[in-house]
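*Asks:* Here you go, sequence then predicted model.
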Amino acid sequence: MQRKVTKAVFPVAGMGTRFLPATKSVPKEIMTLVDRPLIQYAIDEARAAGITEFIFVTSRGKGALEDYFDRAPELEASLRAKGKTELLEVLDATNMDSGAIAYVRQNQALGLGHAVWCARHLIGDEPFAVLLPDDVIAAETPCLRQMVEAYEQTGGNMIAAMEVSSEMASSYGIMDVPPAISRVVPMRGMVEKPAPGTQPSNLAAIGRYILTPDVLRHLGDIDPGAGGEIQLTDAIAREIVERQNVYGYRFEGQRYDCGSKAGFLQATVAFGLARPDLGAELAQFLSDMMAQRQAAE
């Protein structure tokens, strides 16, 4: 039986420059998708997968993110006095138990691999998950839970995978995998942002990982890669060579890239339409707006 995955790392040290000027004062991770911050979607997904210890890799200026998970006694008291029990339940879901959450600083912007490596002392010798809050995944069974269930059969390392077009491959870490239609595919290699036309497959890695402590060792040994940064992809590629125990996982669900403005807007529409309390009104608005645009053409 594999060791349970109970720890998760959330790399949230980025400056969010693609969302300036909003991110001048608001960390990107607490920008709201409908009525929940991006980070709350990642936290809820991790909880559904059995994660009980949450490790945030932060940087200067992320105080609002840390405060988000604290209790708000005055607000809670006001809601309780007004009998607003439903809002109290919503608020309670944002609170974290004492000791369940930890913060470490990444004091230099040296890439995703370096951010994960910064959490090494809190991870120790246990398998762990990594969730990138920019990737929001709508799925009947949360993506990380799907992966944990698959990991219990395979062990090793597992990376969420989705198919991308040849034109988009140079924007992702691309998996070298044998032809297969199964959900779990063994990886022969991995290339970070391959030059156009050189990608080994159309399977791209996205922001969900289950990793072994050996990957942390590789991160401490490797030289900077693409962009002069410590690339998580490079450490995983070394693990493939040494142990052949890395798998891609074709998850069920729809991924939205909320690190881009277009992706954030797409997710807002999709999640809004899926809400019973908002969907009908939003759908009518979108229909009316499209009709007006077509009439004006």
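*Replies:* Good, I have the coordinates. These figures come from a predicted structure and were not determined experimentally. Residues are numbered from 1 along each chain as shown.

*Asks:* low-scoring stretches of the stretch 151-297 of the chain, by residue?
*Replies:* 223, 226 (pLDDT under 70).

*Asks:* Tell me, how many residues neighbour V104?
*Replies:* 17 (other CB atoms under 10 Å). C-beta: built from backbone N, CA, C; applies to glycine.

*Asks:* ok, now which ones touch it?
*Replies:* With contacts defined as CB atoms under 8 Å, 6 or more residues apart in numbering, the neighbours of V104 are 55-58, 118-119, 121-122.

*Asks:* switch to 6 Å and redo it
*Replies:* Contacts for V104 (CB atoms under 6 Å, 6 or more residues apart in numbering) come out as 57, 118-119.

*Asks:* Show me which of the residues you listed is closest to M290.
*Replies:* V57 (41.6 Å; CB to CB).

*Asks:* what's the distance between the closest one and N245?
*Replies:* To N245, V57 is 25 Å away according to CB to CB, to the nearest Å.

*Asks:* How about E140?
*Replies:* 29 Å.

*Asks:* what residues does stretch 156-172 touch?
*Replies:* Contacts of stretch 156-172 (CB under 6 Å, 6+ apart): 147, 151, 193, 196, 199, 202-206, 208-212, 245-251, 255.

*Asks:* ah, wrong one, I meant stretch 229-240
*Replies:* By CB under 6 Å, 6+ apart, stretch 229-240 touches 110-114, 116, 173, 187, 189-190, 192, 214-215, 218-219, 222, 224-225, 246.

*Asks:* For it, buried residues please.
*Replies:* Neighbour counts over stretch 229-240 (16 or more other CB atoms under 10 Å) mark 229-240 as buried.

*Asks:* between E140 and N245, which one's more packed in?
*Replies:* Neighbours per residue (other CB under 10 Å) separate E140 from N245, with N245 holding more: 16 against 7.

*Asks:* so who does that one touch?
*Replies:* Contacts of N245 (CB under 6 Å, 6+ apart): G156.

*Asks:* how far away is it from F56?
*Replies:* In terms of CB to CB, N245 sits 27 Å off from F56.

*Asks:* Wait, a strand at L110?
*Replies:* No - L110 is assigned coil when assessed by DSSP: H, G, I helix; E, B strand; the rest coil, not a strand.
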